[in-house]
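Q: Sequence below, structure please.
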Amino acid sequence: MPTGQDCPWTMLPDWSRIGGLMIVFLVCVLLYAAWTLYLVVVVAIDAKSRGTDWLPWGGCVLLFGVAGWLIYCLTRPRGRLVACRHCARRRLELSSRCPHCGND
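A: From the prediction side, this is the model:
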């Protein structure tokens, strides 16, 4: 019969330390999920203001996180956003029509 250091139950990890690490891990996962959802909302608002479909871009950011956001930032339509004269929502300055109200 094993005694002292050779006992299998004395070789088990310290569960209190593992529990603390799990809490830190879960907090990190929740922070990353919250940050990713924030980026999805930002991309959706910006894509809609620029007259592009927001759903594929939001899905890209949701699937790929920060990498999806970087892809969106590199490929989005360039230009200054200005307020529409009719609906006061943001649109690209060079676009012929407002993507929100459809007016010139």
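
Q: ok, the closest residue to residue 99 other than its chain neighbours - contacts?
A: Computed as Cβ to Cβ, 6 or more residues apart in numbering, the closest residue to residue 99 that is not its neighbour in sequence is residue 51, at 3.9 Å. C-beta here means a position set from N, CA and C on the backbone, and glycine is covered the same way. Residues in contact with residue 51 (Cβ atoms under 8 Å, 6 or more residues apart in numbering) are 77, 91, 92, 95, 99.

Q: Which one of the residues you listed sits in the busiest neighbourhood?
A: residue 91 (23 neighbours; other Cβ atoms under 10 Å).

Q: and it, that's in a strand?
A: Yes. The assignment for residue 91 by DSSP: H, G, I helix; E, B strand; the rest coil puts it in a strand.

Q: how near is the nearest residue to it once chain neighbours are set aside to residue 31?
A: Closest residue to residue 91 apart from its sequence neighbours, by Cβ to Cβ, 6+ apart: residue 98 at 4.7 Å. Per Cβ to Cβ, to the nearest Å, residue 98 is found 37 Å from residue 31.

Q: any idea how far the spatially most central residue of the chain is from residue 98?
A: Centroid-nearest residue in the chain, with Cα atoms, centre = their mean: residue 36, separated by 2.0 Å. According to Cβ to Cβ, residue 36 and residue 98 sit 30 Å apart.
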